[in-house]
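Q: Structural data only, the sequence is not supplied:
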């Protein structure tokens, strides 16, 4: 009864499967060399954690910069996060070309990652998510602000990227380098950028930091929504308080929580 | 201790079990022939997914048009979605008559499905659900609108069917052909129709599309409710943006997510 | 490490364990005879279902009238619902005296059940719960009303019992016959009665009906709260519509859902 | 693939791992002697329960006063609550010095516990949590008040500690004795103290009472938020009613629920 799905199930309009692939004759870029197996292992764990914590569902992704080259990053082939294994991790250059696709389909929004790595040398991991709690902050004009110390990383503000401003009417996806650059510009030097009618991108200097920020920016959004339903006079963290939390190590780089998240995500 | 329930447990009023059955002497319609086992398998998976994702509980159902005849569709006997297996799938004609009931009770609201298949040749799968997030949109006059690209399929609007307008005081169920036709007329060429004080019907060109739309219309309702609690100035997806998402393949026909949903629904 | 708790852990104030026990010398009432094992089995299933569905947590209870005597009912000894087994079911008379306690502690609020059975010959099962969704309706003056057909059983209204009106300042518990009688009077001929600052009591002609109503009155409360946050103009089910749903068999006496709930509650 | 994390993963800024350790040459305090194994066992169970019930996530902690000395308390080394075992429990004096750390890192906020034990001889267990439901009550000025009998322990009010008043701009953590003392002073003779932009501290005369209060203050916050969204005229428990519940044994010292919580928390 548990028969495998055939592609026929999904062949509705011709557009549905017109995946953005490398043009015929175009050569794959050279690899930066094999990535650290531990890095790949932790990237896989991160996919599972973000699914298990409800930040990602069947869509969204996380990447990590390659340990051998600042010009390469690692990300799964197009796959639901909870199903990602080490064998699904591909290497990309900063133009979004896969080194080793071998016919595997990349995520169409890999340009979010590529252009952020290009613009931000301090970033070594990027998350893109559609977490429900965050969508309202991209479409209401209500600024996302830190309700508690766990979200101090948004103490300097969360900008909102509206793809319509520069690109007019689109399918909302950041599916080429120009859109990725515009998103990276809106992100600036911040930790998170909301995407109007779409989701969020979150960055970090390590995988656990990008994961931890994704989990707590989601939690902060839930709490802020509740607080705003109770009162219009909400006292947010003072920017100086947020800065002091960051200087003190930002929730200890999420080390304590990562151990738990990993245990829960991989144990099931 | 885990004794089976007897019907005595449920025999309260005589009306309770007056199920709408075929009148004595009426002949079952002929079968269109055996359905594709993969189609039946995927329909069973769809029942489990919709239960596992919280779109359906002990009530509600999904159907698929028969692969051999546009005038036949497949749906479970009256059973809680999470318990459906291949052996429970019945074949119906568009008058809601079962080909092969063999004493098994059909869902009383099969006319929702029958009349939508009759009116919409582009539809090959129909879901009927009571998802809690959606009920408020049927009883408040607040239009359900897309908060993000994942719900672009409601970019042309979601009509509300009020059974009272044409049928006066009823038991709220779409339990005959006339009520099914009225619902299908309100649906028109849209993807979803809310039912006042009852639930929703969602359609698609494939099972995964009907399932994916059911999951994301539910998610959209949750997000929209939160957004509206924060601000009265919500920026919804522009109709042109929604159209472009649809033209680009509507979330890739939910292929990536289906693989995950199926894995989670069947693995447990 | 998983050492058993000793009573010392809980011995804080002397009042904590001053359980209401039968006075010395008082005789236990005679039994009405052994209850139907299937009835006991279903009562145990009902405890588990209500816990698994989140209607009960560590507190609250369900009872069933004895199949041999209208003057007896069955209920667990004082125990968290999820832990109840057939061996924990005690028989009580309508004064709340246990037939067969053998030193086992009864729930202090058994008088809710006793006095409803005394007042309502049509009732064969009673639930008492503190479900969070329902508490606001007992303390805001906002009437609980049916948002959809699944909650038609509250179409005639849900009265609110305020223990303070008749009994002044209390510990809020319905822990004697007088308080139970007052609650039963407020319930009147309805299906549910809210208890201000405390919870709800729900009745039914069978165990599955009392369970089904408990689950859907909780769901209705959640939906109504959401609907009210979106609009002050909510269209509730018309009383005539609710009545027609009831006449048509009230969600088929929850037979379809019971099978699922039981499977989920007992399978884990 | 499930490779262990190395510390390199978390080494971002030098501040991140500048854990507050005992100064070189400083001697550990003497032990009060081995703690009752049952007490340690129950403390471990409490960590698991609070994680399983969603009061704690990867952060937060619970402690218990040592059974041999009012000047000592027991608490896990710095570890996510769900992962705590008996071997992780350390003994501390009321200055927050570990008796038996052996290189293990203590929680930086152990001073919350130490100073409450110093100030409150009636307290034998302390919880510190960041439960999302509670954060809004620390930042909106809306008082947390009992919506039902289960939360009678807040009938005398819940004060809010604002670290900024006495300490100006900080990293929000109660990471030294002076801050712990200020928090204990704000707590006064109450059962709970909210911490602005941070969380809550909850105390009890036993572990189950501290755990039960933590669970129900969280639940009360959720319910109160819902009630306030429905009406501005909420009837809270009368202080006299709350007092009578407390005098009657405060939910029977949570004995019935503890048995369930423990079963669920340790069974998985």
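A: Good, I have the coordinates. Computed from a predicted model, the values in this text were never measured in an experiment.
Q: tell me the contacts of residue A:195?
A: Listed by C-beta atoms under 8 Å, 6 or more residues apart in numbering or on different chains, the contact set of residue A:195 reads A:138, A:160, A:161, A:163, A:174, A:183, A:201. For glycine as for every other residue, the C-beta is placed from the backbone atoms N, C-alpha and C.
Q: mind redoing it with 6 Å?
A: Contact partners of residue A:195, counting by C-beta atoms under 6 Å, 6 or more residues apart in numbering or on different chains, are residue A:161.
Q: Return the per-residue confidence for it.
A: Looking at residue A:195, its pLDDT stands at 98.
Q: next one: residue A:20
A: Residue A:20 carries a pLDDT value of 46.
Q: for chain A, what are the low-confidence residue spans?
A: Low-confidence segments of chain A, defined by pLDDT under 70, are located at A:1-8, A:10-26, A:268.
Q: now what about stretch A:138-153, what contacts it?
A: Contacts for stretch A:138-153 (C-beta under 6 Å, 6+ apart): A:137, A:154-155, A:158, A:160, A:191, A:194, A:196-197, A:213, A:216, A:220, A:223-224, A:236-237, A:242, A:245-246, B:147, B:227, B:230-231, B:234-235, D:135, D:139, D:172, D:197-198.
Q: In helices only, show me the residues you listed.
A: Among the contacts of stretch A:138-153, the members falling in helices (DSSP state H) are A:137, A:213, A:216, A:220, A:223-224, A:242, A:245-246, B:227, B:230, D:135, D:139.
Q: For the residue of chain A found nearest chain D, give me its contacts.
A: Going by C-beta to the nearest C-beta, chain D is nearest to residue A:257 of chain A, at 2.8 Å. Counting by C-beta under 6 Å, 6+ apart, residue A:257 makes contact with residue D:58.
Q: go again using 8 Å as the cut-off
A: By C-beta under 8 Å, 6+ apart, the neighbours of residue A:257 are A:212, A:215, A:251, D:57, D:58, D:59, D:80.
Q: possible to save the residues you listed as a markdown table with distance to chain C, secondary structure and neighbour count?
A: What follows is the contacts of residue A:257, written out as a markdown table (distance: C-beta to the nearest C-beta, whole Å; DSSP: H, G, I helix; E, B strand; the rest coil; neighbours: other C-beta atoms under 10 Å in any protein chain shown):
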| residue | distance to chain C | secondary structure | neighbour count |
| --- | --- | --- | --- |
| A:212 | 29 | helix | 26 |
| A:215 | 24 | helix | 24 |
| A:251 | 29 | helix | 24 |
| D:57 | 20 | coil | 23 |
| D:58 | 22 | coil | 25 |
| D:59 | 23 | coil | 22 |
| D:80 | 17 | coil | 24 |
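Q: Tabulate those (JSON lines), appending distance to chain B.
A: Listed next are those as JSON lines, based on distance: C-beta to the nearest C-beta, whole Å:
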{"residue": "A:212", "distance to chain B": "23"}
{"residue": "A:215", "distance to chain B": "18"}
{"residue": "A:251", "distance to chain B": "25"}
{"residue": "D:57", "distance to chain B": "21"}
{"residue": "D:58", "distance to chain B": "24"}
{"residue": "D:59", "distance to chain B": "25"}
{"residue": "D:80", "distance to chain B": "25"}
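Q: Tell me which residue of chain A lies closest to chain C.
A: Counting by C-beta to the nearest C-beta, chain A gets nearest chain C through residue A:229, at 7.7 Å.
Q: Am I right that that residue is in contact with residue D:230?
A: No: look at residue A:229 against residue D:230 with C-beta atoms under 8 Å: they stay out of range, at 10.7 Å.
Q: Flag every residue of the stretch 151-268 of chain A that's near chain C.
A: Neighbours of chain C within the stretch 151-268 of chain A, by C-beta under 8 Å from any C-beta of the partner chain: residue A:229.
Q: Determine the three-state secondary structure at residue A:67.
A: coil (DSSP: H, G, I helix; E, B strand; the rest coil).
Q: nearest spatial neighbour of residue A:123, skipping sequence neighbours?
A: residue A:203 (4.4 Å; C-beta to C-beta, 6 or more residues apart in numbering or on different chains).
Q: centroid residue for chain A?
A: In chain A, the centroid-proximal residue (C-alpha atoms, centre = their mean) is residue A:127; its distance is 1.5 Å.
Q: Starting from the strand or helix carrying that one, tell me which strands it pairs with and how they run.
A: Per DSSP states H and E: residue A:127 is located in strand A:125-129. If you go by DSSP bridges, strand A:125-129 pairs up with strand A:61-65 (antiparallel), strand A:199-204 (antiparallel).
Q: Tell me which of these sits most buried.
A: strand A:199-204 (a mean of 28; mean count of other C-beta atoms under 10 Å in any protein chain shown).
Q: What ranges does chain A have for its strands?
A: A:61-65, A:72-76, A:89-93, A:125-129, A:160-161, A:192-195, A:199-204 (DSSP state E).
Q: Kindly reformat these as TSV containing distance to residue D:105.
A: TSV is the format used below for the strands of chain A (distance: least, C-beta to C-beta, whole Å):
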stretch	distance to residue D:105
strand A:61-65	27
strand A:72-76	31
strand A:89-93	33
strand A:125-129	25
strand A:160-161	39
strand A:192-195	29
strand A:199-204	23
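Q: Start and end of stretch A:115-130, how far apart?
A: One end of stretch A:115-130 to the other measures 19 Å (C-alpha to C-alpha, to the nearest Å).
Q: What are the buried residues along it?
A: Within stretch A:115-130, the residues that count as buried by 16 or more other C-beta atoms under 10 Å in any protein chain shown are A:115-120, A:123-130.
Q: now it, how far from the centre of its chain.
A: Distance, stretch centre to chain centre, for stretch A:115-130: 8 Å (C-alpha atoms, centre = their mean, to the nearest Å).
Q: ditto for stretch A:100-120
A: Its chain's average C-alpha position is 11 Å from that of stretch A:100-120, according to C-alpha atoms, centre = their mean.
Q: is chain B contacted by that stretch?
A: No: shown here: stretch A:100-120 not in contact with chain B (C-beta under 8 Å from any C-beta), separated by at least 8.5 Å.
Q: which of the residues in that stretch are buried?
A: A:101, A:105-120.
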